[in-house]
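>>> Quick one, what's the 3D model for this:
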Amino acid sequence: MKSPVLSVVALSALFLVACGPSEAEIAAAKEKAAADSIAALAAMEMTYAVDIATSKVNWTGTMLGVKSHNGTINLTEGFIRTKGGNLTGGDFAIDMKSIAPLDTNYAPAGSKQGTKDDLVGHLSSADFFAVDSFPVAKFSISAVEGNTATGSLSLRGRTNEEKLTDIVLTPNADGTLTATCKVSFDRQKYGAAWKAPMKDVVLNDAIELTVELTGKAQ
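Numbers count the residues shown, from 1 in each chain. Now for the predicted structure:
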């Protein structure tokens, strides 16, 4: 004959197994799993290689009270570093020989002056960016605070501190990262000044850039 005590213990164990964890225990386990996931994401460091085929820098230069020109310039390489989905660093190189105007404020092709080719030639010359001597410009991030990054811009053989503003990082479903920001720099600090002072004065010293990058996770 079986012991009544053993039967009670067996029944109690069977009851506990059948019932499983309580709703409170399940909720607590889910909260812990979510917290662990958030903590892991916050600690995750990622490096993204810039896809130069789908990335670009948009530029705008203005002749005060007259007109403005805008266009694109290409990157040659670069990378973005993030932690927990936030920017922590990056380095970028720009092909100064890839200046491509997109606006229509030009004389027709073949005219004696004022054509699109004239602008590209002038911007590429020693008057401005001297691209034969300095074919690559570089930017290296040194610090990030909120949606602003500080770094060094090397252009035309000179290096100065500049800021990236309005930084937005957007993760994509395919695992890539889209990054956008704005940059404004004073061309005079880099020696990009027309040797004809009366003409140079009508050009805005500020060059406005909007950067659009796509990065592939490494």
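>>> what comes up buried for the longest strand that the chain contains?
Assignment by DSSP state E gives strand 158-171 as the longest strand of the chain. Applying a neighbour-count criterion of 16 or more other C-beta atoms under 10 Å, the buried positions in strand 158-171 are Glu162, Lys163, Leu164, Ile167, Leu169. From N, CA and C alone the C-beta is placed, and that goes for glycine too.
>>> which among the residues you listed gets closest to Gln113?
Comparing the buried residues of strand 158-171 against Gln113 with C-beta to C-beta picks out Glu162 as the nearest, at 32.7 Å.
>>> Just the element for the residue most central in space within the chain, please.
Of all residues in the chain, the one closest to the mean position by C-alpha atoms, centre = their mean is Ala179, 3.8 Å from it. Of the helices and strands defined by DSSP states H and E, Ala179 is found in strand 177-186.
>>> re earlier: what would the buried residues of strand 158-171 look like in CSV with distance to Asp186 and pLDDT?
CSV is the format used below for the buried residues of strand 158-171 (distance: C-beta to C-beta, whole Å; pLDDT from 0 to 100):
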residue, distance to Asp186, pLDDT
Glu162, 9, 98
Lys163, 12, 98
Leu164, 16, 98
Ile167, 21, 98
Leu169, 27, 97
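>>> Need the max-distance pair from these.
Pairwise over these, using C-beta to C-beta, the maximum falls at Glu162 and Leu169, 19.3 Å.
>>> on that earlier part again, ok, the strand holding Ala179: who's next to it in the sheet?
In the sheet containing strand 177-186, the strands it pairs with under DSSP bridges are strand 158-171 (antiparallel), strand 206-217 (antiparallel).
>>> Low-confidence ranges, this structure, go.
1-21, 34-43, 65, 196-201 (pLDDT under 70).
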